[in-house]
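>>> give the three-dimensional model of this entry:
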Amino acid sequence: MSTPETVLIVDDEIRSLEALRRVLADEFEVLCAKDAEEAERLLEVDMVHVILCDQRMPGQSGVAFLKRVREQWPDAVRIIISGYSDSEEIIAGVNEAGIYQYITKPWHPDELLEVVRGAAQLFRLQKETETAGVDVKLHPSRVKQVISQKRGAARRLYDFDRIVHSPASPMHGVIELARRASEYDISVLITGESGTGKELLARAIHYRSARSNKAFVVENCGALPDELLESELFGCKKGAFTGAYQDRIGLFEVANGGTIFLDEIGETSPAFQVKLLRVLQESEIRPLGAQRIRKVDVRVVAATNRDLEAEVEAGRFRRDLYYRLAAFPIHMPALRDRPMDIPLIAERILDEVKSAYNRAMSRLSPSILDEFRKYAWPGNVRELQNEIQRMVVLANGDQLEASALSGRLRDRRDPVASALKMNGSSTLKDKVEALEKAAIIECLARCGGNISRAASELGLSRVGLRNKLARYDLRKDDDDDGETLHH
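Numbers count the residues shown, from 1 in each chain. Okay, here's the model as predicted:
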């Protein structure tokens, strides 16, 4: 169940203030202020979604106050209460103050409540348009309709049945697990190498779940430093840190009632992990710089290309957070581990690329598909997509030729033969070293660059493999247990 929006009531008459509070308190979190100055102090420290303001107040009129609100706190939906004698001034100020609606005195409780409900809905829709790509200038009912249509299209687009795989594929079991997870409100951790389609699976889980009529939002946790990541996820008040030029509603609140996908969760710092753990335990957020907490109802689906269990044992990832996130773990197999799916995926990608580039191309030839099956695809489906896009762009006419394959595929069709091209050197020592280097490169590609796994397959210790990497000038990223190599 989604948590209520916060409504700020501004009225200098105590009895009127109390009457408004009583009408709204059952459905909303209500803050009260007796004048514009007190209201601004509350806005400085609290995340307010709807403002209900009386027009006639000492010192500053309601319209003048809401003009300032529009400049300083533009996300808040603004409503004004006025007498009939104020209507001309209100109408003149509607555009300048961006007033959503005005209510005339004497107001009826049911009508007042309906207007504030509409304002709260508009606030939610404004936030959802950030993820749905809808024009916020549309009327709220039209916005809701368009978002509903977009979600229906997304539900069809990200259906489990559209995840390409053959009956014998290991993806069959993965999809069955994901279907089961989607039926229950449980945290899911999706593991697997980069480019295997973890976000695609997360979207399918969301759109099959009971939360499918709410937002699905995505954050790459490895792309931002802690302070900016906290701001993105939990929100912030203007001035909370350098660069916080306005209030920001966090993605946890945008996703209220829906799902948030935390990609690259394994890249987060220990300090941030503590804060995220509290959010998951308490189902509440405190925007940076705000004094009050906000309850949120969000399902978390996280993903990582790291071995989080190994990260826990190494002390780099909190054990309690791991168990919060990994209530239902699902592992996405690498593309090289599902070669039977490569022709099906390649043809689907080709159809999409042909449509996007407006090209009439022939189907992929058996020779090209055979080359695709032989290649290790360290970049997985994303790399396959890039390869097909490149081939379509380079194609003359409507024929896709094997000669258009990129160098990394051509060179690895026969790593031994490639290694023996010694540029004139013919000593046995040089050829043996070239073969050893080729074997290491091929094994690393098959293992997705994971050094620990490659060392095991090659029958070497990790130290021994690292020494050979240094000897053959093959760059490695770091010396951690989960290190990967790129070449």
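>>> checking I81 next. Helix, strand or coil?
With DSSP: H, G, I helix; E, B strand; the rest coil as the basis, I81 sits in strand.
>>> could you count how many residues lie near it?
24 (other C-beta atoms under 10 Å). For glycine as for every other residue, the C-beta is placed from the backbone atoms N, C-alpha and C.
>>> partner residues bridging it?
D54, I103 (DSSP bridges).
>>> please verify my assumption that it contacts I99.
No - if you go by C-beta atoms under 8 Å, I81 and I99 don't touch, sitting 10.9 Å apart.
>>> the strands in the stretch 251-400 of the chain, which residues?
For the stretch 251-400 of the chain, the strands defined by DSSP state E, counting those that start in this stretch cover 259-263, 284-285, 294-295, 299-304, 328-331.
>>> and the helices in the stretch 101-250 of the chain?
Using DSSP state H, counting those that start in this stretch, the helices found in the stretch 101-250 of the chain span residues 109-132, 140-157, 171-182, 198-208, 226-234.
>>> I'd like the ones you listed as a markdown table, with distance to R294 and mean neighbour count appended.
Formatted as a markdown table, the helices of the stretch 101-250 of the chain follow (distance: least, C-beta to C-beta, whole Å; neighbours: other C-beta atoms under 10 Å):
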| stretch | distance to R294 | mean neighbour count |
| --- | --- | --- |
| helix 109-132 | 13 | 18 |
| helix 140-157 | 22 | 15 |
| helix 171-182 | 26 | 17 |
| helix 198-208 | 22 | 23 |
| helix 226-234 | 9 | 20 |
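>>> including distance to L277 and mean pLDDT, could the ones you listed go into a markdown table?
Shown next, in a markdown table, are those (distance: least, C-beta to C-beta, whole Å; pLDDT from 0 to 100):
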| stretch | distance to L277 | mean pLDDT |
| --- | --- | --- |
| helix 109-132 | 25 | 79 |
| helix 140-157 | 30 | 69 |
| helix 171-182 | 21 | 96 |
| helix 198-208 | 20 | 95 |
| helix 226-234 | 13 | 90 |
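>>> these: which one's closest to N450?
helix 198-208 (16.4 Å; C-beta to C-beta).
>>> next, the angle strand 259-263 makes with the closest one.
With axes from the mean of the first three to the mean of the last three C-alpha atoms, to 10 degrees applied, the angle from helix 198-208 to strand 259-263 works out at 170 degrees.
>>> what comes into contact with helix 198-208?
151, 154-155, 158-160, 163, 174, 178-179, 181-183, 188, 190-192, 212, 216, 218, 258-259, 261, 263, 299, 301, 303, 330, 332 (C-beta atoms under 8 Å, 6 or more residues apart in numbering).
>>> quick revisit: point out the most buried one among the strands of the stretch 251-400 of the chain.
Mean neighbours per residue, mean count of other C-beta atoms under 10 Å, is largest over the strands of the stretch 251-400 of the chain for strand 299-304, with a mean of 26.
>>> mind giving me the packing neighbours of that one?
Under the contact definition 3 or more C-beta pairs under 8 Å, 6 or more residues apart in numbering; DSSP states H and E, strand 299-304 sits against strand 188-191, helix 198-208, strand 259-263.
>>> those: which one's closest to I285?
Per C-beta to C-beta, nearest to I285 of these: strand 259-263, 11.2 Å.
>>> any idea how far the closest one is from the chain center?
From the chain centre to the centre of strand 259-263 is a distance of 5 Å (C-alpha atoms, centre = their mean, to the nearest Å).
>>> what does stretch 427-446 give?
Using C-alpha atoms, centre = their mean, the offset of stretch 427-446 from its chain centre is 40 Å.
>>> over to stretch 32-49?
What separates the centre of stretch 32-49 from the centre of its chain is 32 Å, taken as C-alpha atoms, centre = their mean.
>>> just the CA atoms of it, as CSV, please.
This file holds the C-alpha atoms of stretch 32-49, laid out as CSV (Å, rounded to 0.1, in the frame of the first residue of the first chain):
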residue,chain,number,x,y,z
CYS,A,32,0.2,23.4,9.6
ALA,A,33,1.6,27.0,9.4
LYS,A,34,0.0,30.2,10.6
ASP,A,35,1.7,32.4,8.1
ALA,A,36,4.0,32.4,5.0
GLU,A,37,7.2,32.8,7.2
GLU,A,38,6.4,29.7,9.2
ALA,A,39,5.4,27.8,6.1
GLU,A,40,8.8,28.5,4.5
ARG,A,41,10.6,27.2,7.6
LEU,A,42,8.7,24.0,7.2
LEU,A,43,9.4,23.8,3.5
GLU,A,44,13.1,24.2,4.2
VAL,A,45,13.2,21.0,6.3
ASP,A,46,10.4,18.8,5.0
MET,A,47,9.4,17.3,1.7
VAL,A,48,6.0,18.7,0.9
HIS,A,49,3.9,17.4,-1.9
